[in-house]
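> Sequence first, predicted coordinates after that:
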Amino acid sequence: VDFIMTETTTANTIESDQKDMVTLVSLDDHKFTLPVAAAGLSEMVGNALGLGDDEDEDEDDEDDEGDNADKPTGKTVELLKVTSRCLEKVVQFMEHHHQEKMNDIPMPLPGNNFEECMTQEWYREFVREMDRDMIFEILGAANYMNIKPLLDLACLRVTFELTGKSAEEIRVYLNLPELTAEEEAKAREEHAWIFEESNN
């Protein structure tokens, strides 16, 4: 009897673990599996999984208990605008955030450089090692998947990459067409914080 009970408990644990996992599928059909609790950092993924519908699910549990026995436990969310190389980084972020929550980035910024504003080492190194192309992929993915902490972190990195640069350096970094004199004047007026150190 003891053996049967242990075997049943193990089976229930495996089934529970499967229900608590989700597979994210990238644009190029690569699959990444992670805990639902971590993936829920993405509002888009959370909505797809119905994470906000707990109350409705509780009410229906008794009616659906028999039907659910034959339903697959795995969950899959397709992300049609995120490449595999970018999604790999996004998944790393979500899994780490589940273990160590990133502190909110206050405004105005509390320091004059990236290190002073992001004091958590893992998050600081996570974006610091990325090249420009990856940073902008991360920005796009964080916006698409609605992951506010990741979006804030990537924006912080870009902010300090641009601060103090000349208009031409900013144009090259952002891969923008060359500005006319009028466009540059407008940019300096609307985004003075970027240009404030450019003449130093």
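Ah, there it is. Numbers count the residues shown, from 1 in each chain.
> Only C-alpha atoms from now on, for both contacts and neighbour counts.
Will do.
> show me where this structure has strands.
Taking DSSP state E as the test, the strands found in the chain are 21-25, 31-35, 75-78.
> Can I get the ones you listed in CSV including mean neighbour count, mean pLDDT and distance to M130?
Below are those laid out as CSV (neighbours: other Cα atoms under 10 Å; pLDDT from 0 to 100; distance: least, Cα to Cα, whole Å):
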stretch, mean neighbour count, mean pLDDT, distance to M130
strand 21-25, 21, 96, 22
strand 31-35, 16, 97, 20
strand 75-78, 16, 94, 24
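> and the nearest residue to P110 once chain neighbours are set aside, what is it in contact with?
In this structure, P110 finds its nearest non-sequential neighbour in C117, 5.7 Å apart by Cα to Cα, 6 or more residues apart in numbering. Shown in contact with C117 (Cα atoms under 8 Å, 6 or more residues apart in numbering): 105, 109-111.
> got it, and M118?
M118 is in contact with 105, 124, counting by Cα under 8 Å, 6+ apart.
> can you give me phi and psi for it?
Per-residue torsions, M118: phi -120, psi 100 (degrees, to the nearest 10).
> What is the least confident helix or strand in this protein?
Ranking every helix and strand in the chain by mean pLDDT, DSSP states H and E puts helix 2-19 at the bottom, with a mean of 45.
> about what we covered before: nearest to K89, of the contacts of C117?
I105 (20.2 Å; Cα to Cα).
> you'd agree the closest one is up against A154?
No. Using Cα atoms under 8 Å, I105 is not in contact with A154; the gap is 11.3 Å.
> So between the two, which is more surrounded?
A154 (23 against 14; other Cα atoms under 10 Å).
> Would you confirm that that one contacts F126?
No. If you go by Cα under 8 Å, A154 and F126 don't touch, sitting 9.8 Å apart.
> quick one: the helices in this protein?
Secondary structure of the chain (DSSP state H): helices at 2-19, 36-39, 43-49, 54-64, 84-99, 114-117, 121-128, 132-145, 148-162, 167-174, 181-190, 192-195.
> between these, which one is nearest to D28?
Among the helices of the chain, the nearest to D28 by Cα to Cα is helix 84-99 (6.3 Å).
> and V158, what does it touch?
Contacts of V158 (Cα under 8 Å, 6+ apart): I135.
> One more pass at 10 Å, please.
Applying Cα atoms under 10 Å, 6 or more residues apart in numbering, we find V158 in contact with 114, 127, 132, 135-136, 139, 152, 173-174.
> That one and N143, how far apart?
Distance check for V158 against N143: by Cα to Cα, to the nearest Å, it reads 15 Å.
> repeat for E88
Plainly put, E88 is 16 Å away from N143 if you go by Cα to Cα.
> residue ranges with poor pLDDT in this protein?
Scanning the chain with the threshold set as pLDDT under 70 gives 1-19, 52-74, 179, 191, 193-200.
> hang on, the earlier thing: let me have the strands of the chain in TSV, adding distance to K148 as columns.
Listed next are the strands of the chain as TSV, based on distance: least, Cα to Cα, whole Å:
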stretch	distance to K148
strand 21-25	18
strand 31-35	19
strand 75-78	19
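> Sounds good, over and out.
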